[in-house]
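Student: Sequence first, predicted coordinates after that:
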Number of protein chains: 2
Amino acid sequence: MPAANPILIPELRAMLAEADLPGLREVAEELHPATVAEFTAGLSDDELWRFLDALAVARQAEVFPYFPMIRQVELVQAGDRPHLGALLEWMAPDNRADLLRELDPELVEEILPLVAKAERHDIRMLLSCPEDSAGSLMTTEYASLPADITAGEAIARLRSQAPDSESIYYIYVLDAERQLVGFVSLRDLILAKPTALVADLMQRDVISVRVEEPRDRVVEKLARFDFLAIPVVDDRSRLVGIITHDDVLDAVRQEATDEAQRIAAIAPLRESYLEVGLAAMTWKRGVWLAILFATAAVTAMVLAKSPLNHAWLIAFIPLVIASGGNSGNQSATLVITALSNGDCRLSDWRRILRREFVLGISLGALLAIPGYLLALVYAPTPAQALVIPLTILAVVMLGALAGSVLPLLFRSIGLDPALMSNPFVSAIVDIVGIVIYTCVSLVLLG
Amino acid sequence: MPAANPILIPELRAMLAEADLPGLREVAEELHPATVAEFTAGLSDDELWRFLDALAVARQAEVFPYFPMIRQVELVQAGDRPHLGALLEWMAPDNRADLLRELDPELVEEILPLVAKAERHDIRMLLSCPEDSAGSLMTTEYASLPADITAGEAIARLRSQAPDSESIYYIYVLDAERQLVGFVSLRDLILAKPTALVADLMQRDVISVRVEEPRDRVVEKLARFDFLAIPVVDDRSRLVGIITHDDVLDAVRQEATDEAQRIAAIAPLRESYLEVGLAAMTWKRGVWLAILFATAAVTAMVLAKSPLNHAWLIAFIPLVIASGGNSGNQSATLVITALSNGDCRLSDWRRILRREFVLGISLGALLAIPGYLLALVYAPTPAQALVIPLTILAVVMLGALAGSVLPLLFRSIGLDPALMSNPFVSAIVDIVGIVIYTCVSLVLLG
């Protein structure tokens, strides 16, 4: 179970100082590229380039994408240009596109002429895919075959394609127009008689995604069918790339973090928590705190006008508001995660609202009981104390409804439910909650 | 891009009525098992068993795990016993264990004797692995080879192992004691000369997990190294199973939803949003709402004792509390997601607290400005209005610190930071916030 070994850094420095190229190469060849990237992370940019220089360019290109993205960008800015050109030519197309997307466009234009023409074309194609589309996740190196050859010939051809394919375990079968007509797994080819035709072995029911399909659809399909990779086609069903399981896993993990952060009203960080600069973090949190503050200011203004003037009623304000807010927060999070999971769809809105209505009543009733008991302690009479349970019931129902309606509403007009819902749910519950509280008090207390 | 096709249900029913077995078999063989499970979901339990009966048992065992877990359980309860025994024997060990884990233990004891002895042993081993451990995710069907054979012999042996292995793309190399000594990919075997020895082709730096390692460590390793599967070893380094990429992806998606729900104070649902019964949902939400309610009750009691008696000060109570709560919610979510991502560790606590302290000051200052402007409108004098910005500054800092300290504290004593932190952060911020507000008012207003 090897992992980062910080003891190695002084050793590495000594090997660099002695220019012990065979030693460096051996270390880098026998370990997984992720491990190599990890234990060399402590080197300075200059040392790291010297280390990479000791390796064959193919190995450099394998190790490089395992550095954190901000380090990759730093290294590109510090590296010399001809070296970069070679490295980019050898990198997998998807890793290369991910890196170039993070660079200053001027720097990209400066680097691109150093890359061979065919690769340049490939880079421009991948860079033109919109963020969060299937195209932005795909690689253009895949294994493909025609349908009219035998399993034996297919394996022989794969031997020559393999070094250039990210995955040779799924092989896509194309017709003369490069349209996707089937796929066959390497397992099937190995198990088949060498004389069997690919056309007879292949599965014709190919599940694919279109290049412009959103990322979450890609995730859902790959996860549902347990694929190693999913093919990406253009609008004429021609194969343009594949998306592999590892990139989907990375996308899901990133998406989960982004979504949890959006629900807590933080603009997605893009970098890991400890790496984000304080100014960026202040901005990403501050902008949402300011919006939430504005809604709280409305609450304050409403409350300033409210004739709630008994000390015991005032003491219950935070409790009443919090009950509605917590219930709203639960509903909104449930609906947001269910929508992004595919557990429910926009068209289920009637069922969702019916559920949340019933849940709002039962949860409200549940909280109304301790609310009444607590109010009995502070209210002058048991009849007056009824203000609290009635308000709690109403506010918890309000929270459940606002928490389910808003994500559905935002999704239906194309906004991100995760980022937009919770602040608005809080705002509505706070403001309307104060109004309900005031009205119930006026009716019961006169 | 085929998907669920509800039009097929009447056709299927017609085929079942006519007992058109070849027709049913053809439909089920030519589509992906996930698609078969999806378009037959509308059949009744009885119809579905008749449909499955038409298929070869190997195909039944492929389709079955693609039904939602609650449907699988329903089908087992409705199915006849001998049939179940055969189906379980053919199911992949991990899918089978997942299903048996959901069944009533008495039912499991009733079914187990129907399964062949070797499989029974395998089932008991997998069922004994603790939930959320590597063992609970693994399958016991993997491809393995000794080191002293050639690539050509290896491929020939794989041909006979393949039908029993979930994945033949990674082949694990074992010594005579079944200890894991290396691994080789099918790609390497295919590319190698048929006479090359496996010992010379294999990678000796094998990254594995121990059977009792927690699930999130498995996810982190598989994701870091981009593996198709990761081997699982016992305490004597013997290979006991593998965990495949698709099960990790499912685990990550489930974990992400669970975590978002825990952060919003909902006990994990285990089923999809629309499938959870209303009683279960009321319980899973109500229990946390009740805990949050108890903390809000403390806030009410503190506020009842507080000498805040100016109407304008009272109007600002929700705003002051919300500012601290929102900042605390952000900090807690950031620290929780960073901890569960591996973006930071418990040992980073000094850095985290330092960051949150600085952020608390800057965000507090940011909100203090509009807070002061708003207070100027309602306070009798500009000097008295200073109560609001000073309190906001203190409460936002309090939120940032409580939001970062509590997840770290809970993690350090072995509790789940996601479930425990936010309610406690809210409670602390509300109660201490009221105290701070009262103190600042007393100092400035006398």
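Tutor: Here it is on my side, so go on. Numbering: from 1, shown residues only, chains lettered A, B, ... in the order given.
Student: For the closest residue in space to A:Leu126 that isn't next to it in sequence, which residues are in contact?
Tutor: Nearest residue to A:Leu126, sequence neighbours excluded (C-beta to C-beta, 6 or more residues apart in numbering or on different chains): A:Ala97, at 3.8 Å. To be clear about C-beta, it is placed using only N, CA and C from the backbone, and glycine gets the same treatment. By C-beta atoms under 8 Å, 6 or more residues apart in numbering or on different chains, the contact set of A:Ala97 is A:123, A:126-127, A:136.
Student: can I get those residues in TSV with secondary structure, distance to B:Glu18 and pLDDT?
Tutor: Output for these, formatted as TSV (DSSP: H, G, I helix; E, B strand; the rest coil; distance: C-beta to C-beta, whole Å; pLDDT from 0 to 100):
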residue	secondary structure	distance to B:Glu18	pLDDT
A:Ile123	helix	57	92
A:Leu126	helix	51	93
A:Leu127	helix	56	92
A:Ser136	helix	49	93
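Student: any idea how far the residue most central in space within chain A lies from B:Leu222?
Tutor: Among the residues of chain A, the one closest to the centroid is A:Glu255, at 1.6 Å (C-alpha atoms, centre = their mean). A:Glu255 is 17 Å from B:Leu222, where distance means C-beta to C-beta, to the nearest Å.
Student: what's the answer for A:Ala385, then?
Tutor: When A:Ala385 is compared with B:Leu222 (using C-beta to C-beta), they lie 57 Å apart.
Student: so what's A:Met202 up against?
Tutor: A:147, A:173, A:181-184 are the contacts of A:Met202 under C-beta under 8 Å, 6+ apart.
Student: which residue sits closest to it, ignoring its sequence neighbours?
Tutor: Closest to A:Met202 by C-beta to C-beta, 6+ apart is A:Gly182, at 3.5 Å.
Student: if we can go back for a sec, tell me the one of the contacts of A:Ala97 nearest chain B?
Tutor: Ranked by distance to chain B (C-beta to the nearest C-beta), the contacts of A:Ala97 are led by A:Ser136 at 17.9 Å.
Student: My read is that that closest one contacts A:Pro130, right?
Tutor: Yes. With contact defined as C-beta atoms under 8 Å, A:Ser136 reaches A:Pro130; the gap is 6.7 Å.
Student: More neighbours: which of the two?
Tutor: A:Ser136 (22 against 11; other C-beta atoms under 10 Å in any protein chain shown).
Student: Let me know the pLDDT of the residue nearest to A:Leu126.
Tutor: Turning to A:Ala97, the model gives it a pLDDT of 93.
Student: how many other residues sit next to A:Val233?
Tutor: Counted with other C-beta under 10 Å, A:Val233 comes out at 22.
Student: State the distance from it to chain B.
Tutor: Shown here: A:Val233 relative to chain B, a distance of 9 Å by C-beta to the nearest C-beta, to the nearest Å.
Student: Okay, and the beta partners of that residue?
Tutor: A:Arg210, A:Leu239 (DSSP bridges).
Student: Just to check, it is in contact with A:Glu212?
Tutor: No. A:Val233 is beyond contact range of A:Glu212, at 10.6 Å (criterion: C-beta under 8 Å).
Student: Burial check on A:Pro22, number of neighbours?
Tutor: Neighbour tally, A:Pro22, other C-beta under 10 Å: 9.
Student: packing partners for the helix or strand encompassing it?
Tutor: Per DSSP states H and E: A:Pro22 is located in helix A:21-30. Other helices and strands packing on helix A:21-30, by 3 or more C-beta pairs under 8 Å, 6 or more residues apart in numbering or on different chains; DSSP states H and E, are helix A:8-17, helix A:57-63.
Student: most packed of those helices?
Tutor: Highest mean neighbour count among the helices and strands packed on helix A:21-30 (mean count of other C-beta atoms under 10 Å in any protein chain shown): helix A:57-63, with a mean of 18.
Student: A:Leu197 against A:Glu153, yeah?
Tutor: No. Contact between A:Leu197 and A:Glu153 fails when scored by C-beta under 8 Å: they sit 9.7 Å apart.
Student: what is in contact with the two at once?
Tutor: By C-beta under 8 Å, 6+ apart, no residue touches both A:Leu197 and A:Glu153.
Student: low-confidence ranges in chain A?
Tutor: Counting by pLDDT under 70, chain A shows low-confidence ranges at A:1-7, A:162-164, A:420.
Student: Pop the domain breakdown of it in here.
Tutor: For chain A, the structural domains run A:8-128, A:143-252, A:278-445, going by automatic domain parsing.
Student: Indicate the residue of the stretch 51-200 of chain A located nearest to chain B.
Tutor: A:Tyr169 (5.1 Å).
Student: Surely that residue touches A:Arg187?
Tutor: Yes. In this structure A:Tyr169 lies within contact range of A:Arg187 using C-beta under 8 Å: 7.4 Å.
Student: joint contacts of these two?
Tutor: Contacts common to A:Tyr169 and A:Arg187, judged by C-beta under 8 Å, 6+ apart, are B:Tyr169.
Student: what ranges do the strands span in chain A?
Tutor: A:143-145, A:170-174, A:180-185, A:209-210, A:229-233, A:239-244 (DSSP state E).
Student: a markdown table please, covering those and showing distance to A:Gly399.
Tutor: A markdown table is the format used below for these (distance: least, C-beta to C-beta, whole Å):
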| stretch | distance to A:Gly399 |
| --- | --- |
| strand A:143-145 | 53 |
| strand A:170-174 | 47 |
| strand A:180-185 | 48 |
| strand A:209-210 | 38 |
| strand A:229-233 | 40 |
| strand A:239-244 | 39 |
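Student: Identify whichever of the ones you listed lies nearest to A:Leu401.
Tutor: Nearest to A:Leu401, of all those, is strand A:209-210, at 35.7 Å by C-beta to C-beta.
Student: Show me the contact partners of the closest one.
Tutor: A:134, A:217-218, A:221, A:230-235, A:243, B:1.
Student: out of these, who's nearest B:Glu89?
Tutor: A:Lys221 (30.4 Å).
Student: Please report the distance of that closest one from B:Ile149.
Tutor: A:Lys221 is 39 Å from B:Ile149, by C-beta to C-beta.
Student: next one: A:Pro22
Tutor: For A:Pro22, the distance to B:Ile149 - C-beta to C-beta - is 31 Å.
Student: returning to that earlier point: quick one: which of the contacts of strand A:209-210 has the most company?
Tutor: Using other C-beta under 10 Å as the neighbour test, the contacts of strand A:209-210 are led by A:Ile243, with 29 neighbours.
Student: beta partners for that one?
Tutor: Assigned bridge partners for A:Ile243, using DSSP bridges, are A:Ile230.
Student: and it, what does it touch?
Tutor: A:134, A:137-139, A:209, A:218, A:222, A:229-230, A:232.
Student: Quick one: residues contacting the closest residue to A:Ala78 other than its chain neighbours.
Tutor: The spatially closest residue to A:Ala78, leaving aside those adjacent along the chain, is A:Asp45, at 4.2 Å (C-beta to C-beta, 6+ apart). Contact partners of A:Asp45, counting by C-beta under 8 Å, 6+ apart, are A:74-75, A:78.
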